[in-house]
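**Q** quick one: sequence plus predicted model below, questions after.
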Amino acid sequence: MHTALLFIALFTGNLVSGQEVIDKDFNSFYKEEITESKGIVIVNFWATWCKPCITELPYFEQINAEMKSEKFSVCLVNLDFNSKYKTSAVEFVRNKNLKSEVIHLNDTDPNKWINKIDSNWTGAIPATLIYNNGKKVFFREGEITYDELKSEINKSNKN
């Protein structure tokens, strides 16, 4: 009886936990996800309150499912407020069953790091970047379509 209860508790616990949202500061994120990366890395800055962000998230999930490998990854960088991300982003990621890596960027002053991402970025989201072996090869502020994303990835693979 106790074994069955333990099994049920473990099984249902795994169903509830879902995808993890990793909380990082900018420097850790930038070093680990970008400068030390190998191959193609797609980075998308988004928030749960941003309608265009939510519209395009399925494109990143589809690309991730199609291309995920040692030389390709998708990193979804959540910018929800620190005080709300556990109830907004974490629940959103679980409910949408996102498979891409999700990082919550916890730095409270984006003016300190936005220009490090791209000097042309106003800070508006969504914003998408493509890196090839740590080198930025694409930046777009605003919503992107699946076809545009796929096209830019193909161009990036040729570099």
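**A** Structure's in. What do you need? Residues are numbered from 1 along each chain as shown.
**Q** which stretches of the chain form helices?
**A** 2-17, 26-29, 51-67, 89-96, 114-117, 146-158 (DSSP state H).
**Q** what helices or strands is the third one leaning on?
**A** When you say that, I think you mean helix 51-67. Contacts defined by 3 or more CB pairs under 8 Å, 6 or more residues apart in numbering; DSSP states H and E place helix 51-67 against strand 40-46, strand 72-78, helix 146-158. (Glycine included, C-beta is placed from N, CA and C.)
**Q** ok, now the second one?
**A** Secondary-structure packing of helix 26-29 (3+ CB pairs under 8 Å, 6+ apart): strand 101-105.
**Q** from the contact counts, what lies against the strand it packs on?
**A** When contacts are defined as 3+ CB pairs under 8 Å, 6+ apart, strand 101-105 sits against strand 21-24, helix 26-29, strand 72-78, helix 89-96.
**Q** contacting residues around residue 71?
**A** Counting by CB atoms under 8 Å, 6 or more residues apart in numbering, residue 71 makes contact with 38, 39, 40.
**Q** could you rerun that using 10 Å?
**A** Applying CB atoms under 10 Å, 6 or more residues apart in numbering, one finds that residue 71 lies in contact with 37, 38, 39, 40, 41, 132, 133, 157.
**Q** state the pLDDT value of it.
**A** Residue 71 is assigned a predicted lDDT (pLDDT) of 91.
**Q** and it, backbone torsions?
**A** Dihedral pair for residue 71: phi -110, psi 10, per degrees, to the nearest 10.
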